[in-house]
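# sharing a model that was predicted from the sequence below.
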Amino acid sequence: MNKNAFLYDYDVEKVRADFPILQQEHHAGVPLVYLDNAASSQKPLPVIAALDDYYRRYNANVHRGIHKLSEEATAAYEDARLKVKRFINAGSKREVIFTRGTTESINLVAQTWGRANLGRGDVVVATMMEHHSNIVPWQILAAEKGFTIRYVPVLRDGTLDLRAYDRYLHEENVKLVTVMHTSNMLGTVNPVQAMAQQAHNAGAVVVVDGAQSTPHMPVDMQALNVDFFAFSGHKMCGPTGIGVLYGKRALLEAMPPWMGGGDMISRVTLEGSTWNELPYKFEAGTPIIAGAIGLGYAIDYLSAVGMEKIQAHEREIGAYALERLAEVPGVTVYGPEAGQKGAVAAFTLQGIHAHDVAQILDAEGVAVRAGHHCAMPLHDHFGIPATARASFYLYNTMAEVDALIAGLYKAKQAFAV
Ligand code: 7TS
């Protein structure tokens with residue numbers, strides 16, 4: 001029986017046909033089973049074609065030229081911004097700033113809003129499950145400004161200790177809360193809407209790292225009502241080097257710029273400068289034109305497949321993966337139960353280092369990541385140096401889960417455990 005038959009209106013083979021990289025053999029005679037989607041996703045034909053078309057036909061700088069090519073490039077670049085605005089339901093195009101990715105988006109908030117508003121005696125609340133990109137920028141600023149960072153602990157089941165969160169908000173002078181929407185290791189989907197509401201009640205500003213949620217579920221800025229939201233194009237079928245910072249307009253208007261240069265100014269004299277309007281105030285220099293256009297096409301693609309359908313498909317794949325992993329003796333999976341997490345499984349296999357697991361899987365054509373996944377504090381918290389991680393996306397199949405499991409039995413055989 002076709003294991004995807006239950007998804008009667010989701011044709012995974014049709015989706016797969018749009019991704020040229022998935023058609024190739026990983027090694028001679030061994031098909032590629034790509035399960036490293038939390039690190040970066042593959043790209044469908046319309047995105048690849050959009051990049052090709054831009055460079056072949058209308059490559060030019062934006063917001064500058066009077067000539068036809070520049071006008072066409074500008075229109076495509078700004079059209080991509082409109083696509084992002086609609087995709088995340090931002091209030092306005094001005095609230096959509098193009099960056100290099102989640103990392104740059106968070107650093108931008110730290111270096112602008114943070115630098116202007118945080119000081120001695122203030123508290124920033126983050127969590128122990130954050131990716132390094134949502135810890136280090138705050139640590140760098142804290143060293144300079146003298147504020148304190150408190151980290152919400154993670155419970156054994158992989159969810160946040162929300163009682164501790166509540167306590168911090170009541171007992172400390174919390175100015176900013178920064179939290180990931182979905183964990184790249186545990187898969188935990190944090191209740192950011194409720195957390196933002198609590199933070200706002202305490203007078204704090206809310207930053208959300210949406211790197212692992214935006215590719216996999218519908219996200220709605222009006223519903224979440226967060227102040228800043230960051231994500232990366234390359235994890236959602238778009239090119240590398242492009243990402244987004246969403247920010248509420250009033251906050252962005254009040255924030256000083258970060259990088260100075262062309263396009264972000266209104267007027268420059270030798271004595272001083274004034275700033276361009278939003279969002280250009282935060283887009284100094286020649287922007288990532290091809291990347292933004294490619295991201296726009298990725299959004300078109302994901303929207304055509306349907307974010308709800310993608311989420312439903314991943315829920316099935318994720319649940320099946322957890323079920324199959326639980327059958328393998330010696331496997332421990334970290335994070336919440338199926339149904340309460342994204343389609344990601346970080347695990348250890350008793351007696352075999354995660355890097356060896358990944359290497360043996362690679363020989364079988366199965367691409368996973370091994371290591372700390374840029375979440376060292378979280379691994380320390382669970383007392384493990386590394387995990388192997390399988391992370392799924394819209395084009396993965398049940399058969400690929402089976403290939404992962406078969407690979408794990410091969411690893412056990414090779415290491416005689
Ligand atoms: N935040 C989260 C939750 C992430 O998973 C990642 C990347 C980032 C931020 C940084 O994104 P970037 O596009 O700016 O690099 N996570 C991973 C991962 O899990 N494996 O490789 C990259």
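Here it is on my side, so go on.
# please count neighbours and contacts with C-alpha atoms only from this point.
Will do.
# so how many other residues sit close to residue 90?
Using other C-alpha atoms under 10 Å, residue 90 has 23 other residues around it.
# so which residues of the stretch 201-350 of the chain form helices?
221-224, 249-254, 289-305, 307-326 (DSSP state H, counting those that start in this stretch).
# pick the most deeply packed of those.
Per-residue neighbour counts averaged over each of these give the maximum for helix 289-305, namely a mean of 23 (mean count of other C-alpha atoms under 10 Å).
# so which of the helices of the stretch 201-350 of the chain gets nearest the ligand?
Between the ligand and these, the shortest gap by C-alpha to the nearest ligand atom is with helix 289-305, which sits at 12.9 Å.
# run through who's touching that closest one.
Taking contacts as C-alpha atoms under 8 Å, 6 or more residues apart in numbering, the residues outside helix 289-305 that touch it are 43-44, 46-48, 50-51, 54-55, 61-62, 73, 76-77, 79-81, 83-84, 87, 98, 233, 236-243.
# phi first, then psi, for the closest residue to residue 346 other than its chain neighbours.
Nearest-residue entry for residue 346: residue 389, 4.1 Å, with adjacent residues in sequence omitted and distances by C-alpha to C-alpha, 6 or more residues apart in numbering. Listed backbone geometry of residue 389 is phi -140, psi 120, with angles given as degrees, to the nearest 10.
# wouldn't residue 389 be in contact with residue 39 here?
No - counting by C-alpha atoms under 8 Å, residue 389 sits too far from residue 39 to count as a contact (9.9 Å).
# okay, and the common contacts of the two?
Common neighbours of residue 389 and residue 39, using C-alpha under 8 Å, 6+ apart, are residue 369.
# would you agree residue 281 is in contact with residue 257?
Yes - contact status for residue 281 versus residue 257: in contact at 6.1 Å, counting by C-alpha under 8 Å.
# so for the two, which sits in the more crowded spot?
Applying other C-alpha under 10 Å to residue 281 and residue 257 shows that residue 281 carries more neighbours, namely 25 against 22.
# how close does that one get to residue 43?
According to C-alpha to C-alpha, to the nearest Å, residue 281 and residue 43 sit 30 Å apart.
# ok, now residue 411?
As judged by C-alpha to C-alpha, residue 411 and residue 43 stand 30 Å apart.
# would you tell me which residues of the stretch 251-400 of the chain are close to the ligand?
Within reach of the ligand by C-alpha under 6 Å from any ligand atom, the stretch 251-400 of the chain has these residues: residue 373.
# dihedrals phi and psi, the residue in the stretch 251-400 of the chain positioned nearest to the ligand?
With C-alpha to the nearest ligand atom, the shortest gap between the stretch 251-400 of the chain and the ligand falls at residue 373, namely 4.9 Å. Backbone geometry at residue 373, expressed as degrees, to the nearest 10, gives phi 50, psi 40.
# list the residues that contact it.
Residue 373 sits next to 131, 184, 185 when contact means C-alpha under 8 Å, 6+ apart.
# repeat for residue 69
For residue 69, the contacting residues are 58, 59, 60, taking C-alpha under 8 Å, 6+ apart as the criterion.
# try it again at 10 Å.
Contact partners of residue 69, counting by C-alpha atoms under 10 Å, 6 or more residues apart in numbering, are 57, 58, 59, 60, 61, 62, 75.
# list the buried residues in the helix or strand hosting residue 168.
Secondary structure assignment for residue 168, by DSSP states H and E: helix 162-171. If you call a residue buried by 16 or more other C-alpha atoms under 10 Å, then helix 162-171 has these buried ones: 162, 165, 168, 169.
# need the contacts of residue 373 in a markdown table (columns: secondary structure, neighbour count and pLDDT).
Listed next are the contacts of residue 373 as a markdown table, based on DSSP: H, G, I helix; E, B strand; the rest coil; neighbours: other C-alpha atoms under 10 Å; pLDDT from 0 to 100:
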| residue | secondary structure | neighbour count | pLDDT |
| --- | --- | --- | --- |
| 131 | coil | 24 | 98 |
| 184 | coil | 28 | 98 |
| 185 | coil | 30 | 98 |
